[in-house]
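[1] With the input below, show me the fold.
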Amino acid sequence: MFYIDWLYIILVLPAVLFATYMSARVSTTFRKYGAIPTRHGLTGAEAARRILFANGIYDVRVEHIEGNLNDHYDPRAKVIRLSSATYGNNSAAAVGVAAHEVGHAIQHAKNYAPLKVRNAIVPITNIGAKLSVPLILIGIILSAFSEAFAYVAYVGVALFGLVTLFQLLTLPTEFNASRRALKCLDGEGILEKRELKDAKKVLSAAAMTYVAALAVSLAQLLRFFILVASSTSRRD
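    Numbering: from 1, shown residues only. Below you'll find the predicted structure:
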């Protein structure tokens, strides 16, 4: 006999499909605008270094890493790591992505509050990501023997709530990094007006993947809460 998780189908699956669509849209948007060289011809790496220096940041390195669109800023090592698709590419898409990562470095240098809060809860968020689902399952199963175990399940839900909070705090940092990137690209004359529009389209598509990730996390959180609440109520 098959079990159909209607809560997953109704709540989570639409969000997962939305996230999948947005991830594919980022790739297609980058490919579209990543094949057209900019007029000034700066690569992603060159643009990143130029923006860093223009903002008085001299202690952040720019490095190449293998992969595709796995670009990121590591605040602990103070390194901007640019993927093969970005590092040596001189398109508006590549330059925009590189500038976005510099935006995070600028946030770090200026103690941008949402970034500080997000980084501060990373350790406990990692714990929540690992323990939340096991605690929810254990709590639901063992609550059949003792109602006290229902609290274990609710602790699991609360820990998953921290994961959702992390996703929520990610949104302002990502949108702010993109705004900083576009402002710097315009102010430094790295991209022309048309090229700025192309870079903005890529960054907007990338930002929506974080919105989609939050939607998935919120849907899962609601699903877990309903599962725990319903399993507890059946035993009252």
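
[2] How about residue 136: what's its closest non-neighbour residue?
    Distances taken as Cβ to Cβ, 6 or more residues apart in numbering put residue 156 closest to residue 136, at 3.7 Å, once the chain neighbours are dropped. For the C-beta atoms, the positions are set from N, CA and C on the backbone; glycine is no exception.

[3] count of neighbours near the one you found?
    Residue 156 has 23 neighbouring residues, counting by other Cβ atoms under 10 Å.

[4] Nearest residue to the middle of the protein?
    Centroid check for the chain by Cα atoms, centre = their mean gives residue 210 as the closest residue, at 4.7 Å.

[5] which residues of this protein fall in helices?
    Taking DSSP state H, the helices of the chain run over residues 6-7, 13-33, 44-54, 84-87, 92-109, 113-120, 122-142, 150-187, 193-233.

[6] closest to residue 74 out of the ones you listed?
    Closest of the helices of the chain to residue 74 is helix 92-109, at 9.5 Å (criterion: Cβ to Cβ).

[7] Distance from that closest one to the middle of the chain?
    Its chain's average C-alpha position is 14 Å from that of helix 92-109, according to Cα atoms, centre = their mean, to the nearest Å.

[8] Quick one: list the elements packing against that helix.
    Counting contacts by 3 or more Cβ pairs under 8 Å, 6 or more residues apart in numbering; DSSP states H and E, helix 92-109 is packed against helix 13-33, helix 44-54, strand 72-74, strand 79-82, helix 84-87, helix 113-120, helix 150-187, helix 193-233.

[9] Name the residues of the second one that are buried.
    Counting neighbours by 16 or more other Cβ atoms under 10 Å, one finds that the buried residues in helix 44-54 are 44, 45, 46, 47, 48, 49, 50, 51, 52.

[10] That's all I had, so thanks and see you.
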